[in-house]
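*Asks:* this is a predicted model, with the sequence first.
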Amino acid sequence: MATPKVTLKLLINKKTNKVLFAEAGKDFVDFLFTLLSFPLGTVIKLLSKNRMVGCLGNLYQSIEELGDAFFQPKIGKATVLNPKIPFRPSGSTLLLSDGGEDGIGSTTRKFYLCPSYHKNVADNPRAKCPQCSSKMRLEFSFLKAPPAADEANSEEGGFVKGVITYMVMDNLEVKPMSTISSITMLNKFNVQEVGALEEKVIELGMDEGLNLLKASLQSQTVLTNVFLGA
């Protein structure tokens, strides 16, 4: 399946070669907000160990190399190396596969019943039914009910509403965009000539998403660093 793309419009000061701000839709803002929900283990896995700042990459690798015998039976190293993301917005998040094939962000849980189908549920097949003492080894699936028709039409998914355009600053501050806010930003950056400004429309895929994630941990000028190489 092709990697989904997210569109972003940059306003660039050609004299300083810096991004003043970006005009963004719901999809990009949802992506930025999703970054805050990532556990550290997911961040390290996405960036790969050798791209991490400081010692976290070393810690991650040492856990990978540590034998399973050192971990608690019900925990395991996967709990740390491949943690579950508590909330995944619907639609593209650039860095997470929709089907969870990469193992990142998967929140699938298994549940079990006893052979006598008593009204008890466990999330561990070794648990025993309190009524018949049999192991709860019969696996069953948890089905999420589809939304009602009116909910499906009104529910956008994700974090923010898509009815407005958002302004994303070079340091990733997010605010609603308006004509007044745009003028205020131009005055703040002391832009005297409109001819010094340039609009640039870009598409973000997996690579750009990873670069944004990495730059957000290191820089206060993320958009400039990632898209202008400055």
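*Replies:* Cool, the structure landed.
*Asks:* all strands for this protein, in order.
*Replies:* Here the chain has its strands, by DSSP state E, at 6-13, 18-24, 111-113, 138-140, 166-169, 174-176, 197-204.
*Asks:* contacts for the last one?
*Replies:* Translated: strand 197-204. Applying C-beta atoms under 8 Å, 6 or more residues apart in numbering, the set of residues contacting strand 197-204 from outside is 5-14, 20, 28, 31, 94, 191, 208, 212, 227. (Each C-beta comes from the backbone N, C-alpha and C, glycine too.)
*Asks:* what residues are recorded as beta-bridge partners of Ala24?
*Replies:* Leu8, Tyr166 (DSSP bridges).
*Asks:* which non-adjacent residue is nearest Asn171?
*Replies:* Gln220 (4.8 Å; C-beta to C-beta, 6 or more residues apart in numbering).
*Asks:* tell me how far that neighbour lies from Met169.
*Replies:* According to C-beta to C-beta, to the nearest Å, Gln220 stands 10 Å off from Met169.
*Asks:* more neighbours, the two?
*Replies:* Taking other C-beta atoms under 10 Å, Gln220 and Met169 do not tie; Met169 has more neighbours (17 against 12).
*Asks:* list the residues that contact the nearest residue to the more buried one once chain neighbours are set aside.
*Replies:* The spatial neighbour of Met169 that comes closest, neighbours along the chain excluded (C-beta to C-beta, 6+ apart), is Phe21 at 5.2 Å. Taking C-beta under 8 Å, 6+ apart as the criterion, Phe21 is in contact with 10-11, 167-170, 182, 185.
*Asks:* which residue lies farthest from the center of the protein?
*Replies:* No residue in the chain sits farther from the centre than Cys132, which is 43.7 Å out by C-alpha atoms, centre = their mean.
*Asks:* residues in contact with the residue nearest to that residue when sequence neighbours are not counted?
*Replies:* Nearest residue to Cys132 in three dimensions, chain neighbours excluded: Ser116, at 5.0 Å (C-beta to C-beta, 6+ apart). The contact partners of Ser116, by C-beta under 8 Å, 6+ apart, come to 129, 131-132, 134.
*Asks:* give me the buried subset of those residues.
*Replies:* Buried members of the contacts of Ser116, scored by 16 or more other C-beta atoms under 10 Å, are Cys129.
*Asks:* ok, which pair from the contacts of Ser116 is furthest apart?
*Replies:* Gln131 and Ser134 (8.8 Å; C-beta to C-beta).
*Asks:* pull up the overlap in contacts between the two.
*Replies:* 114, 116.
*Asks:* hmm, Lys15 is touching Asn190, no?
*Replies:* No: counting by C-beta atoms under 8 Å, Lys15 stays clear of Asn190, with 10.6 Å between them.
*Asks:* who has more neighbours out of those two?
*Replies:* Neighbour totals were compared for Lys15 and Asn190, and Lys15 leads with 12 against 7 (other C-beta under 10 Å).
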